[in-house]
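J.: Could you look at this predicted model? Sequence included:
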Amino acid sequence: MPNAKVLEQKKAVVAGLSEEMKNAASGVLVDYKGITVEADTKLRTELRKAGVSYKVVKNTLMQRAIQGIGLEDLEASLSGTTALAVSADAVAPAKILCEYAKKSGDKFKIKAGFVDGRVIKPAEVQALAELPPREMLVARALAGFNAPISGFVNVLNGNLRGLVVALNAIAEKKSA
């Protein structure tokens, strides 16, 4: 039987993980086996700059943390070495980790992820990582809203331009 103090510490870790995953917009589980300490340090620094929380977690503690928060489908991914990256930004963890996975080859693998309480597969994590930045998506949406208005203005200007050209032609004809 485990020590009561150790058991309380583990319960606190599970509660913290559970809370962190509930409050995150997205998260990614990775298998980090085989990467060097230097590479891991660079990765952690990059994640920290992007506001992503990254930690190595025990699979048994992760299993307990995902119970009751709607992410039970992640259990299938809990084997081998596991690290969890979570963030309030839905794209940042996926983008950074997928880019790193490409560079490192087979040493670093995406296991699964979640976005807004829905579990996603590694291919979907990759698709999420390939989304353009938020600012670009907002700009595209605004351009879409602006297009009909600018088209309408061009039509009105075309009619006015045609009227001005016709009046100018009449004025030139009368003056000649």
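T.: Done, it's in.
J.: How about the secondary structure of residue 123?
T.: Residue 123 carries the three-state label helix when classified by DSSP: H, G, I helix; E, B strand; the rest coil.
J.: and it, how many neighbours?
T.: Using other CB atoms under 10 Å, residue 123 has 9 neighbouring residues. Using the backbone N, CA and C atoms, a C-beta is placed for each residue, glycine as well.
J.: phi, psi of the residue positioned nearest the centre of the chain?
T.: With distances taken as CA atoms, centre = their mean, the chain has residue 91 as the residue nearest its mean C-alpha position (1.1 Å). The phi and psi torsions at residue 91 (degrees, to the nearest 10) take the values phi -100, psi -30.
J.: what about the nearest residue to it once chain neighbours are set aside, neighbour count?
T.: Leaving aside its chain neighbours, residue 91 sits nearest to residue 131 (5.6 Å; criterion: CB to CB, 6 or more residues apart in numbering). Residues within reach of residue 131, counting by other CB under 10 Å, total 13.
J.: Is residue 131 in a helix, a strand, or coil?
T.: When states are read from three-state DSSP, the local structure at residue 131 comes out as coil.
J.: I'd say residue 65 and residue 18 touch.
T.: Yes. Distance between residue 65 and residue 18: 4.3 Å, which falls inside the contact criterion (CB atoms under 8 Å).
J.: in the helix or strand where residue 103 lies, what's buried?
T.: Residue 103 is part of helix 92-104 when elements are defined by DSSP states H and E. By neighbour count on 16 or more other CB atoms under 10 Å, the buried set for helix 92-104 is 92, 93, 94, 95, 96, 97, 98, 100, 101, 104.
J.: Domain parsing of the chain, as residue ranges.
T.: As given by automatic domain parsing, the domain ranges for the chain are 4-131, 133-176.
J.: which residue ranges form the strands in this protein?
T.: 26-31, 53-56, 83-87, 109-115, 118-120 (DSSP state E).
J.: So, low pLDDT: which residues of this protein?
T.: Under the criterion pLDDT under 70, the flagged ranges of the chain are 1-2, 145-160, 163.
J.: how many neighbours does residue 89 have?
T.: Look at residue 89: counted by other CB under 10 Å, it has 16 neighbours.
J.: switch to numbering from 4
T.: In the new numbering, first residue 4, that becomes residue 92.
J.: list the contacts for it?
T.: 28, 29, 53, 54, 55 (CB atoms under 8 Å, 6 or more residues apart in numbering).
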